[in-house]
Structures are given as structure tokens and as C-alpha cells.
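Enquirer: from the sequence below, what's the structure:
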Amino acid sequence: MRPLGGTVEFGETWQQTLIREFREELDVDVKIDGVPLVLENIFRHEGMVGHEILFVAPVLFPEGAFAEATMIQFREDNGVLCTARWFSLKSLRLHGIPLFPEGLAEALSSGVRGDKGGKSETASSRPFNMN
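Expert: Numbers count the residues shown, from 1 in each chain. The predicted structure is shown next:
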């Protein structure tokens, strides 16, 4: 389980990337609603070491967008069909589902975020992508 997002393109800021990725993946224009949580993730995938820097920020959807949706299906650039769903951090913990990158769940739970309220309850309805 991981937040929606993608790769920064050459010459693009993290803010431009976040807005573009939501537009490409979900066909929706979002507004960034706080400063990002920055995480460094070093991982192993298929025997290779990978490295990424993540900017995780709260976003606002346009009024009514996905209001009744329990899941959103979309296609990645390579054509792979994906599903985004809303989960509370409590539900993920209860079912033993890890949230990637490592450290994100703890940061959201402790209120280490850039949103205005700083309350972890607001993180409970963020879209996460199941891959």
C-alpha cells in the first residue's frame, strides 16, 4: 500500500509533479493543502537497490470529486490497471497491511505532516494505491 504519485520530470518541482500525477492518474485537479513530509526510501526490488526521495503532501479534491466512491480505477502510463482506495491508518494496522515507504504510517500517526490541523484523523481518508 502506498500513496498515489509518480516520478518528477526534468525541470519540474515536486508541487508540479504532484498536481500532474493526480491529473494523469485520476483526471482531477488537486490543490496542495500544506507543506510536504519528505521521506528518503532506500529499498531492494528484484535484487537491485533503489533509492527515492518522496514528498508526501495533503491535497484537496474539487468539491464532490469521488465523494461517493469507495475505490477509483486508473491506468498507469504503462497501461497497468490500478485501484486506489481510502483506508484509515487504524484499519491498515488492524489488518497488518504495511504502508510504504517505511516510516510513512508512523509520521502520519504522530502528526508529523504539513497540514493546517496537524491531526492524524485527517489522514484517514487519503487515497492509497494497492499494487
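Enquirer: in PDB, list the C-alpha atoms belonging to the lengthiest helix in the chain.
Expert: In the chain, assigned by DSSP state H, the helix with the most residues is helix 14-26. Only the C-alpha atoms of helix 14-26 are listed here, as PDB (Å, rounded to 0.1, in the frame of the first residue of the first chain):
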ATOM      1  CA  TRP A  14       7.600  18.500  -6.500                       C
ATOM      2  CA  GLN A  15       4.400  20.600  -6.500                       C
ATOM      3  CA  GLN A  16       4.000  20.400 -10.300                       C
ATOM      4  CA  THR A  17       4.700  16.700 -10.200                       C
ATOM      5  CA  LEU A  18       2.000  16.000  -7.600                       C
ATOM      6  CA  ILE A  19      -0.600  18.100  -9.400                       C
ATOM      7  CA  ARG A  20       0.300  16.500 -12.800                       C
ATOM      8  CA  GLU A  21       0.300  12.900 -11.400                       C
ATOM      9  CA  PHE A  22      -3.200  13.300 -10.000                       C
ATOM     10  CA  ARG A  23      -4.400  14.800 -13.300                       C
ATOM     11  CA  GLU A  24      -2.800  12.000 -15.300                       C
ATOM     12  CA  GLU A  25      -3.900   9.100 -13.000                       C
ATOM     13  CA  LEU A  26      -7.300  10.300 -11.700                       C
END
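Enquirer: give me the helices and strands touching it, please.
Expert: The helices and strands touching helix 14-26, judged by 3 or more C-beta pairs under 8 Å, 6 or more residues apart in numbering; DSSP states H and E, are strand 31-32, strand 48-56, strand 71-75, strand 81-86. Glycine gets a C-beta too; all of them are placed from N, C-alpha and C.
Enquirer: mind checking how far it is from the chain centre?
Expert: On the basis of C-alpha atoms, centre = their mean, to the nearest Å, helix 14-26 sits 11 Å off its chain's mean C-alpha point.
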